[in-house]
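In: Just the structure for this:
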Amino acid sequence: MLSSKIHSQIDIPLPPSDIWSTLEYPELMELWNPHCKNAQALGRPMRKGDRFNASFELNSKPTEAQCEVLEMDAMKLLVVRHHIVSEKKTYIDERYELKPLNKESTRVSQSIELNHSGMPKWVLLIIALIHRFGTPQNKGPLDGLKEVTIAHKDMGWDGHG
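Out: This next block holds a predicted model:
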């Protein structure tokens, strides 16, 4: 059976602390996530239990979400639940894991759980088939994170100023 989880990973030639400084601020999501159009700034790094609003464009359709930080282990794990505002009882969980490969390189894994997204089963099947057997045509979902994090590092930004 095909999974309703979408998995992606990328190796970034930076330590976890540099990548974390991009992930821990929700307002930076719009810089690296190609679907995010706006994310509410908290004025500080996220913490477990935080909530913020974000807007996304999914399949050319604007989507508003109320986001909640479910899990957080600094420089290792971030799990955010996106409650879809227009659909009662629907949500998408997004999980990021950072694993150092060596002193200057990190593997970032992302999984997106779609079981409770409200999408029809046939749509979930198509997404799973495309994700499993399709050939990427554009940048992957984590390429933007890599580009923004490297640019921030090149500019000397550490997320705290």
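In: now the least confident helix or strand in the chain by mean pLDDT, how far from the chain's geometric center?
Out: Sorting the helices and strands of the chain by mean pLDDT, DSSP states H and E puts helix 121-133 at the bottom, at a mean of 73. Taking C-alpha atoms, centre = their mean, to the nearest Å, the mean C-alpha location of helix 121-133 is offset from the chain mean by 19 Å.
In: List the buried residues of stretch 11-28.
Out: Buried residues in stretch 11-28, defined by neighbour count with 16 or more other C-beta atoms under 10 Å: 12, 14-16, 18-26, 28. C-beta coordinates here come from the backbone N, C-alpha and C atoms, glycine included.
In: tell me the two of those residues that are most distant?
Out: Checked with C-beta to C-beta, these reach their widest spread between Pro15 and Pro26, with 21.9 Å between them.
In: all helices for this protein, in order.
Out: 16-23, 29-32, 121-133, 143-154 (DSSP state H).
In: Of all those, which one is nearest Met72?
Out: Comparing the helices of the chain against Met72 with C-beta to C-beta, the closest turns out to be helix 16-23 (9.7 Å).
In: That closest one packs against which elements?
Out: Helix 16-23 sits against strand 91-102, strand 105-113, helix 143-154, with contacts defined as 3 or more C-beta pairs under 8 Å, 6 or more residues apart in numbering; DSSP states H and E.
In: Any chance of the ones you listed in a markdown table with mean neighbour count, mean pLDDT and distance to His83 as columns?
Out: Shown next, in a markdown table, are the helices and strands packed on helix 16-23 (neighbours: other C-beta atoms under 10 Å; pLDDT from 0 to 100; distance: least, C-beta to C-beta, whole Å):
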| stretch | mean neighbour count | mean pLDDT | distance to His83 |
| --- | --- | --- | --- |
| strand 91-102 | 17 | 95 | 5 |
| strand 105-113 | 17 | 94 | 13 |
| helix 143-154 | 18 | 89 | 23 |
